[in-house]
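Q: okay, here's the prediction I keep looking at, along with the sequence it came from:
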Amino acid sequence: MRIGALVALLCVAACRTRPLVRTAQQGDSVDIAQLVPRDSTDGALLVPRVVAAPSVVLFWLHAADTLAADDRADTFDDLKYYTEQIAPALEAGGIKLLATKADTVYVALPNHTRRAILLSGLDYPYGYLLIDPGGPERILTGVYADDDLLEELRVYFDLPDDTTTAQPRIAT
């Protein structure tokens, strides 16, 4: 009886520590270098994201390992460059930039439920997932030039044309 209670206690303790690990892995900002495609055994960012605020999720899935090494490096460099170009506009709009290598992203919904978004099986195993938890998501597969990506963001998130962070001056 004591052994059963001890096993149950250990299971409960193990379950309670898992969310803390997941939270630590999901920072609010993203270092694009985290997604460098080392190999398919790299475990970084494999834990599915739970998104509760307007966000752009940059995804680079395991299936991208099937690209030739040179193509994979060139594609990733382009994806990284264009993402860095739009990052200030996201910050100015209060939109989080996240990254994942997981095939699934979850959207946090009211009443403590989640909606799953499956990213595997798309045209390209890399791209952007635009999420505003109050509405439908938009998946952009492949590499988008910064001006095309910014236009997609403006339409989806209803951003103003001028997304600079400079505050207007008030003359008195």
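A: Sure thing, it's come through.
Q: okay, now the unreliable bits of this protein?
A: Low-confidence segments of the chain (pLDDT under 70): 1-45, 162-172.
Q: could I get the full set of helices for it?
A: Applying DSSP state H to the chain gives helices spanning 2-25, 69-92, 146-157.
Q: who's in contact with the shortest one?
A: In this case it means helix 146-157. With contacts defined as C-beta atoms under 8 Å, 6 or more residues apart in numbering, helix 146-157 is touched by 54, 56, 81-82, 85-86, 89-90, 93, 95, 128, 130, 132, 138, 140, 144, 159-161, 163. Any C-beta I mention is one placed from the backbone N, CA and C, and that applies to glycine too.
Q: could you rerun that using 7 Å?
A: Helix 146-157 is contacted from outside by 54, 82, 85-86, 89, 93, 95, 130, 132, 138, 140, 144, 159, 161, using C-beta atoms under 7 Å, 6 or more residues apart in numbering.
Q: can you count the residues close to Arg114?
A: Using other C-beta atoms under 10 Å, Arg114 is surrounded by 14 other residues.
Q: let me know whether it touches Val105 as I believe.
A: No: assessed by C-beta atoms under 7 Å, Arg114 is found out of contact with Val105, at 9.8 Å.
Q: how about Leu140: which residues does it bridge to?
A: Tyr128 (DSSP bridges).
Q: how much space between it and Gly134?
A: The gap separating Leu140 from Gly134 is 19 Å, by C-beta to C-beta, to the nearest Å.
Q: so the two - more neighbours on which side?
A: Between Leu140 and Gly134, counting by other C-beta under 10 Å, Leu140 is the more crowded of the two (19 against 9).
Q: contact partners for that one?
A: Leu140 makes contact with Gly127, Tyr128, Leu130, Glu152, according to C-beta under 7 Å, 6+ apart.
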